[in-house]
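Student: Structure for the following, please:
(2 chains)
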Amino acid sequence: MVIEAGRVELHYWRDLWRYRQLFYFLAWRDILVRYKQTVIGILWAVIRPMMTIVVFTFIFGRLAKLPSDGVPYPILVGAATLPWQLFATAFAEVGNSLVSNAHLISKVYFPRLIIPASAVAAGLIDFLISMAILVSLMLWYGIVPSWRILALPIFIVVALGAAIGTGLWIAALNVKYRDFRHLIPFLLQVGLFISPIGFSSAIVPERWRPLYSLNPMSGVIDGFRWSVLGVNVGIYWPGVLMSLGLIVLLLVTGVAYFRKTERTFVDVI
Amino acid sequence: MSAPEVIAVEGLTKKYLIRHEQQERHVTLREALAGGLKHVGERLLGRTKDAPARRSREEFWALDHVNFKVYEGQRLGIIGHNGAGKSTLLKILSRITEPTGGRIEIRGRVSSLLEVGTGFHPELTGRENIYLNGTILGMSSREIRRKFDEIVAFAEIEQFLDTPAKRYSSGMYVRLAFAIAAHVDPDILIVDEVLAVGDIQFRQKSLGKMQDLRESGRTLIFVSHDLSMVRQLCSHAIWLKKGKVYCFGESEVVTSDYQNEVLAPETLVPSRDRGAHTSAYFLRRVELRNHHTGQPSSQYVAGDVMEIHLWANARAPVSGYTVEFLLLNERGDRISFGAANPVQNTHFQSHHTHFVCTLGPLPLTSGLYSFSFSVRVWGLERWDSWEHAVSFRITRCDLFGTGHDVPGLVNGDFVMPQTWRGEEL
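Tutor: Numbers count the residues shown, from 1 in each chain, chains lettered A, B, ... in the order given. This next block holds a predicted model:
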């Protein structure tokens, strides 16, 4: 093994594979620790999205009386809240992951990408558990998913991709500029309202759709609704494709920026 | 050289930029933007040359063209003052940070212990932490499973295995952390002063474990301030000074050179003051005096009686406290101990105190010696310790008035009263 200034790690990706066990353990630690010393524990993963669904159904469905594309309003909101929560949790965890694991970074070597990658796990577990809400809502309203449900895993992966892509940027910048730590809750709060969570994206005027699709999560949420609800709830394919493209771009540049800065994390963290 | 070379370091350099105007290490975006604008502004106005922003940054060469080689089975100690570059070297060797220049070639699996208990999570149980920490240190789960019982037994925490680590006493925490680290099985082990943990009994055990490692023929790189430990564990040593290799050779030679410089005669002064201190109790000043003349001195001959004067500021507890000293020889070994309590059963209770310990006649052989002092409530933790507080020299050891000097380095540290007889057979 050779250590040199600015040396491009030839075996970076192979190294990443070799350290996969560390990835499992860090993910396992995050999951294990997440609900330690809480009374209701993992139930939190269900309660939080449930409250969002109740509040949004009430405000957007009852008070604002927005259209629901022929789907019961709670389901419309539920099919959007879950992917959003997945994104929000994963994004926040990834964004803060490097700084909160600073002690590890400054004492042991491993490919640093393991840290943000493993930070996603806790959010994913929460998401899988919270799927129970959606399943029960669909049973309650007697909605049978069509073959499109098979596309669901793809949209889950895409949501994670969006979280990792944006999160990597924030994580790497956060090492040097702690401002980004304060940006995370703000971005998530804004995102919660501008993404089509409490309403169907069909209410967005046609000419604004391209602009609206610049939010990568709008495509993911549309896709989610499309695959779960079995009706064409405001899906706008150019928008979905645009979101996808944007997410790929964020991921690629995020990884590249991360790789470029990771070797000096220790000196500035 | 018969053994193959496992580490080759060539022209290794590490540069840090130090900012003077800022106390915080984290730059905020606002500052970066403001600084950037300022820089652009100065450029536009053509005033880049003596812009104040430039002067506030200073280059600091933590490592400056360091070269050395380590052969298989060699045990290398790294010594030097604080800030000499020891930790930076370890960090580069263990790939935690990148060098600014130069090159290192390493052959074999490296494991580095720069800290005990890296990645320990207080919410996780002992069992969970063993798996997590073991993985972080580079062990596979199969390896951890195989060594699990051994680790638990070594740490002596059997009954607390399923208790969260946050409920552990600090001793248990450290024991568990060390036990895991001690069971990592690499080709090359890099260790940073992790041995200085736990109570005396556990330290003995840890040292034993390190010596096992020595016998197993593994390559070791060990950084420590404890010179006698470096001598015990290492065959060779590097003395780093201001980022450069100042001295490289057998550990015995390098450490005694280092000791000599640290305690160089020019720096021998009979009294020393200590800067402001944060702890509630601290030793403020020490002075060595010759008991016969009453004068401060750092030069004695064997048989002299010495007075140690210590001044302390304190918020004394009702139970009283005691002061103790350790006498160290030229190589940094502890050779004697004295304390007000276990030796004389004396407790002190006043807040601001001037202590006097009359010591001697000194039975020491000629050479350099130094004192470390500490303050403690007997049986409890130390409140303050002052390592290598003051040094003195025994210029001549002629206790029996024979006209012969007994030099310390080859003859041991002290001379005992003795009489000799010889009968013709």
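Student: What segments of chain A are helices?
Tutor: Assignment of helices within chain A using DSSP state H yields the ranges A:12-18, A:20-34, A:44-56, A:73-100, A:102-105, A:114-141, A:152-176, A:179-194, A:209-212, A:216-229, A:237-262, A:265-268.
Student: Tell me which of those helices is the most buried.
Tutor: Ranked by average neighbour count under the criterion mean count of other Cβ atoms under 10 Å in any protein chain shown, those are headed by helix A:216-229 at a mean of 27. The C-beta positions use only the backbone N, C-alpha and C, and glycine is treated the same way.
Student: other SSEs contacting that one?
Tutor: Identification of packing neighbours for helix A:216-229 by 3 or more Cβ pairs under 8 Å, 6 or more residues apart in numbering or on different chains; DSSP states H and E yields helix A:73-100, helix A:152-176, helix A:237-262.
Student: Pull the contacting residues for residue A:265.
Tutor: Remark: with contacts taken as Cβ atoms under 8 Å, 6 or more residues apart in numbering or on different chains, residue A:265 is in contact with A:98, A:105, A:112, A:175.
Student: related to what we said a few turns ago, now distance to residue B:65 and mean pLDDT too, for the helices and strands packed on helix A:216-229, in JSON lines please.
Tutor: Listed next are the helices and strands packed on helix A:216-229 as JSON lines, based on distance: least, Cβ to Cβ, whole Å; pLDDT from 0 to 100:
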{"stretch": "helix A:73-100", "distance to residue B:65": "32", "mean pLDDT": "91"}
{"stretch": "helix A:152-176", "distance to residue B:65": "28", "mean pLDDT": "91"}
{"stretch": "helix A:237-262", "distance to residue B:65": "26", "mean pLDDT": "89"}
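Student: Distance to residue A:15 for those - can I get that in CSV?
Tutor: Output for the helices and strands packed on helix A:216-229, formatted as CSV (distance: least, Cβ to Cβ, whole Å):
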stretch, distance to residue A:15
helix A:73-100, 18
helix A:152-176, 18
helix A:237-262, 12
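Student: Relative to chain B, which of these is closest?
Tutor: Checking the helices and strands packed on helix A:216-229 against chain B by Cβ to the nearest Cβ gives helix A:152-176 as the closest, at 6.2 Å.
Student: That closest one near chain B anywhere?
Tutor: Yes. Using Cβ under 8 Å from any Cβ of the partner chain, helix A:152-176 reaches chain B at residue A:176.
Student: picking that back up, so which pair among the contacts of residue A:265 is furthest apart in space?
Tutor: Every pair in these was compared (Cβ to Cβ); the two farthest apart turn out to be A:112 and A:175, at 9.7 Å.
Student: Please enumerate the shared neighbours of these two.
Tutor: Counting by Cβ under 8 Å, 6+ apart, the residues touching both residue A:112 and residue A:175 are A:98, A:265.
Student: Output the below-cut-off pLDDT ranges for chain B.
Tutor: Counting by pLDDT under 70, chain B has low-confidence residues at B:1-2, B:19-57, B:194-200, B:263-267, B:275-280, B:314-319, B:342-343, B:377-382, B:409.
Student: where along it do the helices fall?
Tutor: Ranges of helices in chain B, per DSSP H, are B:29-45, B:52-55, B:86-93, B:126-136, B:141-155, B:170-182, B:200-215, B:227-233, B:251-262, B:340-344, B:408-411.
Student: Now mean neighbour count and distance to residue A:145 too, for those helices, in CSV please.
Tutor: As requested, these are arranged in CSV below (neighbours: other Cβ atoms under 10 Å in any protein chain shown; distance: least, Cβ to Cβ, whole Å):
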stretch, mean neighbour count, distance to residue A:145
helix B:29-45, 12, 45
helix B:52-55, 10, 61
helix B:86-93, 23, 53
helix B:126-136, 23, 39
helix B:141-155, 16, 39
helix B:170-182, 22, 48
helix B:200-215, 14, 60
helix B:227-233, 20, 66
helix B:251-262, 18, 72
helix B:340-344, 15, 79
helix B:408-411, 14, 86
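Student: Output the helices of chain A as CSV; include the columns distance to residue B:64.
Tutor: Converted to CSV, those look like this (distance: least, Cβ to Cβ, whole Å):
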stretch, distance to residue B:64
helix A:12-18, 29
helix A:20-34, 34
helix A:44-56, 53
helix A:73-100, 30
helix A:102-105, 25
helix A:114-141, 32
helix A:152-176, 26
helix A:179-194, 35
helix A:209-212, 55
helix A:216-229, 48
helix A:237-262, 25
helix A:265-268, 17
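Student: wait, which of these is closest to residue B:423?
Tutor: Once those are compared by Cβ to Cβ, helix A:102-105 is nearest, at 70.6 Å.
Student: what's that closest one in contact with?
Tutor: Counting contacts by Cβ under 8 Å, 6+ apart, the residues outside helix A:102-105 that touch it are A:98, A:112, A:115, A:265-266, A:269, B:96, B:118-119, B:136.
Student: Could you give the average pLDDT over that helix?
Tutor: Taken as a whole, helix A:102-105 carries a mean pLDDT of 86.
Student: coming back round to it: out of the contacts of helix A:102-105, which one sits closest to residue A:170?
Tutor: Nearest member of the contacts of helix A:102-105 to residue A:170, counting by Cβ to Cβ, is residue A:98, at 9.5 Å.
Student: a markdown table for the helices of chain B, including distance to residue B:353?
Tutor: Converted to a markdown table, those look like this (distance: least, Cβ to Cβ, whole Å):
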| stretch | distance to residue B:353 |
| --- | --- |
| helix B:29-45 | 48 |
| helix B:52-55 | 47 |
| helix B:86-93 | 37 |
| helix B:126-136 | 43 |
| helix B:141-155 | 40 |
| helix B:170-182 | 29 |
| helix B:200-215 | 27 |
| helix B:227-233 | 31 |
| helix B:251-262 | 29 |
| helix B:340-344 | 11 |
| helix B:408-411 | 33 |
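Student: out of the helices of chain A, which comes closest to residue B:86?
Tutor: For the helices of chain A, distance to residue B:86 was read as Cβ to Cβ. The smallest value, 15.9 Å, belongs to helix A:265-268.
Student: okay, now residue B:220: neighbour count?
Tutor: Residue B:220: 21 surrounding residues under other Cβ atoms under 10 Å in any protein chain shown.
Student: what about the closest residue in space to it that isn't next to it in sequence, distance to chain A?
Tutor: For residue B:220, the nearest residue in space outside its immediate sequence neighbours is residue B:75; the separation is 4.2 Å by Cβ to Cβ, 6 or more residues apart in numbering or on different chains. Using Cβ to the nearest Cβ, to the nearest Å, one gets 21 Å for the distance from residue B:75 to chain A.
Student: ok, now which ones touch residue B:75?
Tutor: Here residue B:75 is in contact with B:214, B:219-220, B:222, B:233-236 (criterion: Cβ under 8 Å, 6+ apart).
Student: any idea what sits nearest the residue positioned nearest the centre of chain B, other than its immediate chain neighbours?
Tutor: Residue closest to the average C-alpha location in chain B (Cα atoms, centre = their mean): residue B:225, at 2.7 Å. Across the structure, with Cβ to Cβ, 6+ apart as the measure, the residue nearest residue B:225 apart from its sequence neighbours is residue B:193 (6.9 Å).
Student: any idea how far that neighbour is from chain A?
Tutor: Between residue B:193 and chain A the distance is 13 Å, computed by Cβ to the nearest Cβ.
Student: Might one say that that residue is in contact with residue B:210?
Tutor: No. Applying Cβ atoms under 8 Å, one finds residue B:193 not in contact with residue B:210, separated by 11.9 Å.
Student: who's in contact with residue 96?
Tutor: This is for chain A. Residue A:96 is in contact with A:119, A:171, A:174, A:181, A:184, counting by Cβ under 8 Å, 6+ apart.
Student: Chain B was what I was after
Tutor: For residue B:96, the contacting residues are A:105-109, A:266, B:112, B:114, taking Cβ under 8 Å, 6+ apart as the criterion.
Student: Out of those, grab the one that's most surrounded.
Tutor: Counting by other Cβ under 10 Å, residue B:112 has the largest number of neighbours within the contacts of residue B:96, with 26 neighbours.
Student: for that residue, what are its contacts?
Tutor: Each residue near residue B:112 by Cβ under 8 Å, 6+ apart is listed here: A:108-109, B:90, B:93-94, B:96, B:189-192.
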